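**Student:** Predicted coordinates and the sequence they were generated for:
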Amino acid sequence: MTMAEPTTLVLTPTPYDDPVAVGLIEAVQQVYVARYGGRDATPVEPAEFAPPRGLFLVGRLGGEPIACGGWRIVEPGLAELKRMYVASGFRGRGLSRVLLAALEDSARQVGITRIRLETGHRQPEAIRLYETSGYTVIEKFGVYRHDPGSTCFGKSLV
């Protein structure tokens, strides 16, 4: 008899600088290196993802950390998504949608009414996730606002 593969993504609030989170963040940075030739240059401070200013979640399947993502408040009522990631062997199962919904719900619970993010043209699966989750293209912001390959998305949480 073989054990069934775990299908429930267990999401746990985790400090951004926790070793497990750091490992997942490094994995997503390596995706950026492979696709864009370098790491994400957006400044990030771990404290920005600590409640009440933000939240960082680690997702586990069968106890194995395989996903992460977080949000940070950038101004009253507005949060920014960062470091959305699902390990390559676990993609295509809808786990990113579960993670995204949990991040949106947690932001909504603390009074965030709008959420935004930036992504790039070499991440078509991310673009599809956001477009099919109610996000629309917004004015570019951040480090890559002048990069023709970047796209910014936003969504109302009300």
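**Tutor:** Nice, I can see it. Everything numeric here is computed off the predicted structure, so don't read it as measured data.
**Student:** what separates the longest strand belonging to the chain from the chain centre, distance-wise?
**Tutor:** With secondary structure taken from DSSP state E, the chain has its longest strand at strand 64-75. Put simply, strand 64-75 sits 5 Å off its chain's centre (Cα atoms, centre = their mean, to the nearest Å).
**Student:** Hmm, residue 96 is touching residue 86, no?
**Tutor:** Yes - assessed by Cβ atoms under 8 Å, residue 96 is found in contact with residue 86 at 5.1 Å. C-beta coordinates here come from the backbone N, C-alpha and C atoms, glycine included.
**Student:** re the thing from before, quick check: mean pLDDT across the longest strand of the chain?
**Tutor:** Mean pLDDT, strand 64-75: 98.
**Student:** Just the residues contacting the helix or strand containing residue 102, thanks.
**Tutor:** Element membership of residue 102 [criterion: DSSP states H and E] is helix 95-109. Under the contact criterion Cβ atoms under 8 Å, 6 or more residues apart in numbering, helix 95-109 has outside partners 9, 11, 55, 57, 59, 61, 66-71, 79, 81, 84, 86, 115, 129, 133, 155, 157-158.
**Student:** can you give me the helices in the chain?
**Tutor:** Here the chain has its helices, by DSSP state H, at 19-36, 95-109, 124-131.
**Student:** most tightly surrounded among those helices?
**Tutor:** helix 95-109 (a mean of 18; mean count of other Cβ atoms under 10 Å).
**Student:** hey, C-alpha coordinates of it in PDB?
**Tutor:** In PDB, the C-alpha atoms belonging to helix 95-109 read as follows (Å, rounded to 0.1, in the frame of the first residue of the first chain):
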ATOM      1  CA  LEU A  95      -1.400  25.900  -4.600                       C
ATOM      2  CA  SER A  96      -0.500  29.400  -5.700                       C
ATOM      3  CA  ARG A  97      -4.200  30.300  -5.800                       C
ATOM      4  CA  VAL A  98      -4.600  29.000  -2.200                       C
ATOM      5  CA  LEU A  99      -1.600  31.100  -1.100                       C
ATOM      6  CA  LEU A 100      -2.700  34.200  -2.900                       C
ATOM      7  CA  ALA A 101      -6.300  33.900  -1.400                       C
ATOM      8  CA  ALA A 102      -4.800  33.500   2.100                       C
ATOM      9  CA  LEU A 103      -2.600  36.600   1.600                       C
ATOM     10  CA  GLU A 104      -5.500  38.700   0.300                       C
ATOM     11  CA  ASP A 105      -7.800  37.500   3.200                       C
ATOM     12  CA  SER A 106      -5.200  38.300   5.800                       C
ATOM     13  CA  ALA A 107      -4.600  41.800   4.400                       C
ATOM     14  CA  ARG A 108      -8.300  42.400   4.200                       C
ATOM     15  CA  GLN A 109      -8.700  41.400   7.900                       C
END
